[in-house]
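Undergrad: Below are the sequence and a predicted model; questions follow.
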2 protein chains.
Amino acid sequence: MEVRERILKTAEELFMKFGIRSVTMDEIASELGISKKTIYMHFEDKDAIVHEVATFRMSCEQDISEQIWKEAENPIHEVVKEIEMLKTHVAALNPVVIYDLKKYYPKTWAVFQQHKQTIFLDITRRNLQEGVKQGLYRPEINIEVLSRLRMEEIDFAFDQSVFPNNVFNQFEIHQTFIDHFLRGVLTPKGLTVYEQYINTDNN
Amino acid sequence: MEVRERILKTAEELFMKFGIRSVTMDEIASELGISKKTIYMHFEDKDAIVHEVATFRMSCEQDISEQIWKEAENPIHEVVKEIEMLKTHVAALNPVVIYDLKKYYPKTWAVFQQHKQTIFLDITRRNLQEGVKQGLYRPEINIEVLSRLRMEEIDFAFDQSVFPNNVFNQFEIHQTFIDHFLRGVLTPKGLTVYEQYINTDNN
């Protein structure tokens, strides 16, 4: 792996564990066994590393979502597979990362929000449209309003002032929201399909 | 009616129509046919009027909610009656009021948030608990997480950056959220009860 990629990979690991704010350039250098000078040859400052780590992560998440979409048997299966994927991702993520991004890296946060309001919103909208088409979701659902609600739920689940990490299990909140969101749009036929997936999951 | 009450009532009407920021003390005085000096005999400044109008409104909303709770046949009926109530209230409310409160009257906004996170949260929690008890809501729902989501939905519905007034119908957003939220917690028995209320409504 190129030095540049190693820096990004290590920085990401440290951020995910400890949040962004508390990780110094010294710690990234020390973890890699290289000098800070070498890091500065590749990145202007920590902001630049944060920005690149974040944009790379978003692009990965998008690829994963497209992969899930292709492999899923139907829109409900897509959601079930997304919950599984989240389980690994959220467990590895210190929620302080989200707080730090929002507060100290507004430029990167804005890109993240933009990504969410375009790419993720499209993915959610497509899921809802396809579910309606297949008779799994109620035909009368307001797709524009509900897809935006789903985007808001993602941010809200990470809100440490409402769901502090030491009281609430982060993954459980995301799972609760997704499960509740899905049930809110299902037809009776959709509910049967969903329950089959869940029960298979538990066995 | 006392002058003091007339001032509050008129201020509230003007705020609801035009938002808070754009209504001046001169306009309130002129609407009442009294002098600004008379207003200042009762209220230190516009902030004081805004604060009192808002706290009075919250207290009214709480009374109405308690009334609905007492009259409702069951928790689903409570929600159905709340939607009906909202229809009148939201129609009369210029969403700029929420924006203005949040931005220019942080002290009043904080009281409103506090009220929501205590009184309204309790009302929602009680509804969910009672619904589970009566077999209308799924026994496994996460009441702590979902009741907080419901609170967030109220703010989110008013978010003009996501649901601008000239594109989205304000009441429709609230209704979509409440309907979707309720369906997400219903048991099959609960769904039958809910659909009976909705169908009766439409006739």
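TA: Structure's in. What do you need?
Undergrad: Near chain B, which residues of chain A are found?
TA: A:141-142, A:144-146, A:148-149, A:152-153, A:156, A:162-163, A:168, A:172-173, A:176-177, A:180-185 (C-beta under 8 Å from any C-beta of the partner chain). C-betas here are computed from N, CA, C, even on glycine.
Undergrad: which residues are contacting whichever strand or helix holds A:Asp155?
TA: Per DSSP states H and E, A:Asp155 falls inside helix A:143-157. For helix A:143-157, the external contacting residues (C-beta atoms under 8 Å, 6 or more residues apart in numbering or on different chains) are A:98, A:116-117, A:120-121, A:124-125, A:128-129, A:132, A:162-163, A:170, A:173-174, A:177-178, A:181, A:184-185, B:149, B:152-153, B:156, B:162-163, B:168, B:172-173, B:176-177, B:180.
Undergrad: ok, 6 Å please
TA: Helix A:143-157 has contacts (C-beta atoms under 6 Å, 6 or more residues apart in numbering or on different chains) with A:116, A:121, A:124-125, A:128, A:173-174, A:177, A:181, B:152, B:156, B:162, B:173, B:176.
Undergrad: which residue ranges form the helices in chain A?
TA: Ranges of helices in chain A, per DSSP state H, are A:3-18, A:25-32, A:36-42, A:46-71, A:75-91, A:96-104, A:106-115, A:121-133, A:143-157, A:170-185, A:188-202.
Undergrad: Please identify the buried residues of the third one?
TA: Of the residues in helix A:36-42, those buried by neighbour count under the rule 16 or more other C-beta atoms under 10 Å in any protein chain shown are A:39, A:42.
Undergrad: Dump the helices of chain A to TSV, plus mean pLDDT.
TA: Formatted as TSV, these follow (pLDDT from 0 to 100):
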stretch	mean pLDDT
helix A:3-18	94
helix A:25-32	96
helix A:36-42	95
helix A:46-71	94
helix A:75-91	92
helix A:96-104	91
helix A:106-115	92
helix A:121-133	97
helix A:143-157	96
helix A:170-185	96
helix A:188-202	89
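Undergrad: right, and those helices - which one's nearest B:Arg6?
TA: Distance to B:Arg6, taken as C-beta to C-beta, is lowest for helix A:143-157 among the helices of chain A, at 38.9 Å.
Undergrad: How about chain A: which residue is closest to chain B?
TA: Going by C-beta to the nearest C-beta, chain B is nearest to A:Gly184 of chain A, at 3.6 Å.
Undergrad: pretty sure that residue contacts B:Gly184?
TA: Yes: counting by C-beta atoms under 6 Å, A:Gly184 touches B:Gly184, with 3.6 Å between them.
Undergrad: A:Val23 - how many residues pack around it?
TA: 22 (other C-beta atoms under 10 Å in any protein chain shown).
Undergrad: meant to ask about A:Val167
TA: 7.
Undergrad: Please apply the same query to A:Lys189.
TA: 12.
Undergrad: And A:Thr88, by the same measure?
TA: Residues near A:Thr88, counting by other C-beta under 10 Å: 10.
Undergrad: Could you do A:Val53 as well?
TA: Neighbour number of A:Val53 under other C-beta under 10 Å is 23.
Undergrad: likewise the one 4 residues further on?
TA: By other C-beta under 10 Å, 18 other residues sit near A:Arg57.
Undergrad: go on, the one 4 residues further on?
TA: By the criterion of other C-beta under 10 Å, A:Glu61 has 17 neighbours.
Undergrad: any idea how far A:His174 is from B:Gln129?
TA: Distance, A:His174 to B:Gln129, using C-beta to C-beta, to the nearest Å: 23 Å.
Undergrad: Which one's more surrounded, the two?
TA: Shown here are A:His174 and B:Gln129; by other C-beta under 10 Å, A:His174 has more neighbours (21 against 15).
Undergrad: That one against A:Leu86, yeah?
TA: Yes: counting by C-beta under 6 Å, A:His174 touches A:Leu86, with 5.4 Å between them.
Undergrad: residues touching A:Ile7, list them.
TA: Applying C-beta under 6 Å, 6+ apart, the residues contacting A:Ile7 are A:39, A:42.
Undergrad: is it true that A:Gly19 touches A:Tyr99?
TA: No: using C-beta under 6 Å, A:Gly19 is not in contact with A:Tyr99; the gap is 7.3 Å.
Undergrad: returning to what we had before: the helix holding A:Asp155 vs helix A:75-91, what angle?
TA: 20 degrees (axes from the mean of the first three to the mean of the last three C-alpha atoms, to 10 degrees).
Undergrad: how distant is helix A:143-157 from the center of its chain?
TA: When distances are taken as C-alpha atoms, centre = their mean, to the nearest Å, helix A:143-157 is centred 13 Å away from the chain's centroid.
Undergrad: Equivalent analysis for stretch A:34-52, please.
TA: With C-alpha atoms, centre = their mean, you get 25 Å for stretch A:34-52.
Undergrad: what's the span of that stretch from first residue to last?
TA: End-to-end distance for stretch A:34-52: 20 Å, by C-alpha to C-alpha, to the nearest Å.
Undergrad: and what of stretch A:105-122?
TA: Using C-alpha to C-alpha, first and last residues of stretch A:105-122 are 25 Å apart.
Undergrad: Buried residues in that stretch, which are they?
TA: Buried, per 16+ other C-beta under 10 Å, within stretch A:105-122: A:105, A:108-109, A:111-112, A:115-116, A:119-121.
Undergrad: can you list the residues that contact it?
TA: The contact list for stretch A:105-122 (C-beta under 6 Å, 6+ apart) reads A:50-51, A:54, A:58, A:62, A:101-102, A:147, A:151.
Undergrad: How about stretch A:159-169?
TA: Contacts of stretch A:159-169 (C-beta under 6 Å, 6+ apart): A:95, A:99, A:173, B:148.
Undergrad: ok, back up a step: quick one: the contacts of helix A:143-157 as TSV, columns for distance to A:Ser30 too.
TA: Shown next, in TSV, are the contacts of helix A:143-157 (distance: C-beta to C-beta, whole Å):
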residue	distance to A:Ser30
A:Lys116	34
A:Leu121	40
A:Thr124	41
A:Arg125	45
A:Leu128	47
A:Ile173	34
A:His174	33
A:Phe177	38
A:Phe181	43
B:Glu152	41
B:Phe156	43
B:Val162	43
B:Ile173	51
B:Thr176	52
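Undergrad: buried subset of those?
TA: Applying 16+ other C-beta under 10 Å to the contacts of helix A:143-157 flags A:116, A:121, A:124-125, A:128, A:173-174, A:177, A:181, B:152, B:156, B:162, B:173, B:176 as buried.
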